[in-house]
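A.B. asks: The amino acid sequence is not available; the structure is as follows:
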Ligand SMILES: C[S@@+](CC[C@H](N)C(=O)[O-])C[C@H]1O[C@@H](n2cnc3c(N)ncnc32)[C@H](O)[C@@H]1O
């Protein structure tokens with residue numbers, strides 16, 4: 001199913017889009033363009049900490065603002081968090097729909113994004129959240145402080161070693177029993193982001209499981225949404241000797 005043509009948004013919206021599809025109702029916009037490119041391919045612009053999103057922030061917001069993709073899954077995931085719990089939205093963009101959904105679920109949200117324009121829009125659109133313009137590479141988070149963390153559409157923008165570092169940082173900042181939700185294609189692949197032109201890389205479910213387990217997480221489930229975005233639900237045990245709680249997101253595929 002994934003990556004590429006499977007990673008679509010229906011109806012129009014989402015984080016990246018094939019410009020050729022923007023006005024076509026028959027063909028929903030492509031979230032991640034095809035075909036997958038060799039994993040060796042790299043055209044990252046190290047000078048741009050947002051991996052291309054600062055430059056296309058206006059286009060991105062107009063596309064993503066019309067999209068509810070991800071909201072249902074995040075809403076269901078949020079039900080397992082403590083009422084009023086603290087949640088990080090990593091690569092939060094302008095906060096629509098993910099942070100808005102978390103706030104509506106009664107959670108306390110802290111958004112982090114590398115794009116100045118997107119963080120400014122986030123502050124305007126999600127005034128009940130706190131926010132910081134920084135990169136996940138540079139962010140400094142207190143240990144054992146958050147109940148949950150979401151990274152919707154971020155993980156695969158990062159270099160593989162940065163993805164591993166992000167999982168490590170999230171594990172360190174979550175409380176025991178904390179939950180981490182992120183999206184990335186199930187299979188290992190690389191492709192060109194159709195909005196930014198930069199390379200995206202999924203390490204694939206097997207590698208994500210290994211990285212999560214190395215940091216003490218259990219990969220408690222996976223699922224796919226209506227736009228065929230693939231979700232990983234990771235949980236830290238409550239205590240050293242506890243088994244992690246299995247997630248309760250409807251239709252999630254329980255990891256074996
Ligand atoms: C595909 S968008 C997703 C935005 C949002 N999560 C959503 O659901 O609409 C990816 C976001 O990650 C941000 N980003 C990219 N690289 C980043 C990094 N290294 N650190 C923090 N944010 C980053 C971009 O600025 C952009 O807002």
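C.D. replies: Arrived safely. Computed from a predicted structure; not experimentally measured.
A.B. asks: show me what contacts the residue lying closest to residue 71 once chain neighbours are set aside?
C.D. replies: Among residues not flanking residue 71 along the chain, residue 97 sits closest, at 4.2 Å (C-beta to C-beta, 6 or more residues apart in numbering). C-betas here are computed from N, CA, C, even on glycine. By C-beta atoms under 8 Å, 6 or more residues apart in numbering, residue 97 lies in contact with 67-71, 74.
A.B. asks: Any regions of this structure where pLDDT drops low?
C.D. replies: 1-46, 240-256 (pLDDT under 70).
A.B. asks: And the strands in it?
C.D. replies: Using DSSP state E, the strands of the chain run over residues 86-90, 108-113, 130-133, 146-151, 174-183, 189-192, 199-202, 218-224, 230-235, 253-254.
A.B. asks: picking that back up, mind putting the contacts of residue 97 into a markdown table with distance to the ligand and neighbour count?
C.D. replies: As requested, the contacts of residue 97 are exported to a markdown table (distance: C-beta to the nearest ligand atom, whole Å; neighbours: other C-beta atoms under 10 Å):
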| residue | distance to the ligand | neighbour count |
| --- | --- | --- |
| 67 | 8 | 21 |
| 68 | 11 | 17 |
| 69 | 8 | 27 |
| 70 | 6 | 26 |
| 71 | 9 | 18 |
| 74 | 9 | 24 |
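A.B. asks: Looking at the stretch 151-256 of the chain, which residue is nearest the ligand?
C.D. replies: residue 153 (3.2 Å; C-beta to the nearest ligand atom).
A.B. asks: What residues does the stretch 151-256 of the chain have near the ligand?
C.D. replies: Selection of the stretch 151-256 of the chain residues close to the ligand by C-beta under 6 Å from any ligand atom yields 152-154, 157-158.
A.B. asks: hmm, try it at 5 Å
C.D. replies: 152-154, 157 (C-beta under 5 Å from any ligand atom).
A.B. asks: so how far is residue 158 from the residue nearest to residue 71?
C.D. replies: For residue 97, the distance to residue 158 equals 22 Å [C-beta to C-beta, to the nearest Å].
A.B. asks: circling back to that earlier point, from the contacts of residue 97, which land in helices?
C.D. replies: Among these, the residues falling in helices (DSSP state H) are 71, 74.
A.B. asks: Now for the contacts of residue 97: which two are most distant?
C.D. replies: Longest distance between any two of the contacts of residue 97 is 12.8 Å, between 67 and 74; criterion C-beta to C-beta.
A.B. asks: Let me have the strands of the chain in JSON lines, extended by mean neighbour count.
C.D. replies: Shown next, in JSON lines, are those (neighbours: other C-beta atoms under 10 Å):
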{"stretch": "strand 86-90", "mean neighbour count": "25"}
{"stretch": "strand 108-113", "mean neighbour count": "24"}
{"stretch": "strand 130-133", "mean neighbour count": "16"}
{"stretch": "strand 146-151", "mean neighbour count": "25"}
{"stretch": "strand 174-183", "mean neighbour count": "23"}
{"stretch": "strand 189-192", "mean neighbour count": "21"}
{"stretch": "strand 199-202", "mean neighbour count": "25"}
{"stretch": "strand 218-224", "mean neighbour count": "21"}
{"stretch": "strand 230-235", "mean neighbour count": "25"}
{"stretch": "strand 253-254", "mean neighbour count": "13"}
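A.B. asks: Now render those strands as CSV, adding distance to residue 59.
C.D. replies: Below are the strands of the chain laid out as CSV (distance: least, C-beta to C-beta, whole Å):
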stretch, distance to residue 59
strand 86-90, 21
strand 108-113, 16
strand 130-133, 19
strand 146-151, 21
strand 174-183, 20
strand 189-192, 16
strand 199-202, 17
strand 218-224, 26
strand 230-235, 24
strand 253-254, 33
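A.B. asks: Give me the number of neighbouring residues for residue 205.
C.D. replies: 18 (other C-beta atoms under 10 Å).
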